[in-house]
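Trainee: sequence and predicted model, in that order:
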2 protein chains.
Amino acid sequence: MEGVSPRPAAVGRGQKVRVAVHAATLAELVEKGYAALTVEGVAQRAGVHKTTVYRRWKDRESLVVDALSDRSATDVPIPDTGSVESDLRELARSLVRMMTGPTGRALLAAMFSGAADVPGVAEARRQIFDDRFGRAEPVVVRAVERGELPPRTDPSTLLKALAAPVYFRLLVTGEPVDEHTADHAAEIAMAAARAGVLGAP
Amino acid sequence: MEGVSPRPAAVGRGQKVRVAVHAATLAELVEKGYAALTVEGVAQRAGVHKTTVYRRWKDRESLVVDALSDRSATDVPIPDTGSVESDLRELARSLVRMMTGPTGRALLAAMFSGAADVPGVAEARRQIFDDRFGRAEPVVVRAVERGELPPRTDPSTLLKALAAPVYFRLLVTGEPVDEHTADHAAEIAMAAARAGVLGAP
């Protein structure tokens, strides 16, 4: 396959475009929201031609999903501390840091502020969350293998139980979201998992 | 105080206006959202003069808070079955029924769709949720008195743990919300409460 691979210079250029377009997408999301975001606006902000964007991303949805998923993956690394309790605490703390920082602001602007009726937003949100929960599943799989959690614990169900209290404060009560919120969410998820109520739905 | 009380006919008329204005408020919220809702529009829809509305509610915020709190109280009665498990299950099931029905649609339109930047909406939301959590607190107080939950269980913390998974599905993942969602939320809250992690923050 050697002959098919792009040359290093091209890889570098492709990567640079990708980074610039992602950054422009997040900035546009924060500034204008999802409904008003256009591929043209993103291209202009990134300093590239819009055909360059369309060559890599087929539409606005896939651009937003890719930018937010990519940034979430960087902002929320998957911990492997050897203990499920500290793994979940780390995971929740990273989530809190992300959601209260620039990526979180872009995510909230994109997915939750007046975006409910924008076509594609529900599907985009589903894809982003599927990606995020999928990436974190090894944390739960390893915990079950180590015998720390009941064998029937479902990774996705546990990760949703972990995230729910954080989003509840962010989106519903508006109470401050900090490290204590994260640690408390981890305690709730651990208690529920140990009690055996986080099996597959 | 007898002489000060309004005559029955006046009470009846006042109550009728209140019911009509509340219904008009919810209908306007669903149709137009919080940002576009006006006291004039509500008055017109309810078939009363806007001064009649202003006599009872000082502004748009207090009108929306009152209408949503009042309807929530009717839609989510506080159970007293004698067991905390069935009380929490009932409470969560009523919440799910409300949130997937007309009141929930009004609440979502008022509080979560593009309303994040509307002045007063965060405060209105806080008031509505304080009212709802406050009303349900006796469920937890009774459970602690009966020795079903640890003495330091905080009613508000438990009720938020109960509501969080329901709102997470409604607002974040978009997964279906039904009786199973409610029962699962009750199981998570029970497990966390029994593990002693739902004390005061």
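Mentor: Great, that's in hand.
Trainee: what does chain A have sitting close to chain B?
Mentor: Contact residues, chain A versus chain B (Cβ under 8 Å from any Cβ of the partner chain): A:108, A:112-117, A:122, A:125-126, A:129, A:160-161, A:163-165, A:167-168, A:171-174, A:180, A:184, A:187-188, A:190-192, A:194-195, A:197-198, A:201. C-betas here are computed from N, CA, C, even on glycine.
Trainee: out of those residues, which are inside strands?
Mentor: Counting by DSSP state E, no part of the residues of chain A next to chain B is found in strands.
Trainee: any of those residues buried? List them.
Mentor: Among these, those classed as buried by neighbour count (16 or more other Cβ atoms under 10 Å in any protein chain shown) are A:108, A:112-116, A:125, A:129, A:160-161, A:163-165, A:167-168, A:171-173, A:184, A:187-188, A:190-192, A:194-195, A:197-198.
Trainee: from the residues you listed, which land in helices?
Mentor: Counting by DSSP state H, these place A:108, A:125, A:129, A:160-161, A:163-165, A:167, A:184, A:187-188, A:190-192, A:194 in helices.
Trainee: from those residues, pick the one nearest B:V48.
Mentor: A:L108 (38.0 Å; Cβ to Cβ).
Trainee: could you list the domains of chain A?
Mentor: Chain A breaks down by automatic domain parsing into domains covering A:2-58, A:69-194.
Trainee: can you add mean pLDDT and give those domains back as CSV?
Mentor: Compiled in CSV, these are given as follows (pLDDT from 0 to 100):
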stretch, mean pLDDT
domain A:2-58, 85
domain A:69-194, 92
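Trainee: what helix or strand is the residue most central in space within chain A located in?
Mentor: Nearest to the geometric centre of chain A sits A:S72, at 3.8 Å (Cα atoms, centre = their mean). A:S72 belongs to helix A:60-75 when assigned by DSSP states H and E.
Trainee: what does that helix contact?
Mentor: With contacts defined as Cβ atoms under 8 Å, 6 or more residues apart in numbering or on different chains, helix A:60-75 is touched by A:21-22, A:25-26, A:29, A:34, A:37-39, A:42, A:53, A:57, A:94, A:97-98, A:101, A:103, A:106-107, A:110, A:120, A:123-124, A:127-128, A:131-132, A:135.
Trainee: again, 7 Å this time
Mentor: Residues from elsewhere that reach helix A:60-75 (Cβ atoms under 7 Å, 6 or more residues apart in numbering or on different chains): A:22, A:25-26, A:29, A:34, A:37, A:39, A:42, A:53, A:57, A:94, A:98, A:103, A:106-107, A:110, A:120, A:123-124, A:127-128, A:131-132, A:135.
Trainee: please spell out the PyMOL selection for the buried subset of those.
Mentor: A single PyMOL command selects the buried members of the contacts of helix A:60-75 (16+ other Cβ under 10 Å):
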select buried, chain A and resi 22+25+26+29+34+37+39+42+53+57+94+98+103+106+107+110+124+127+128+131+132+135
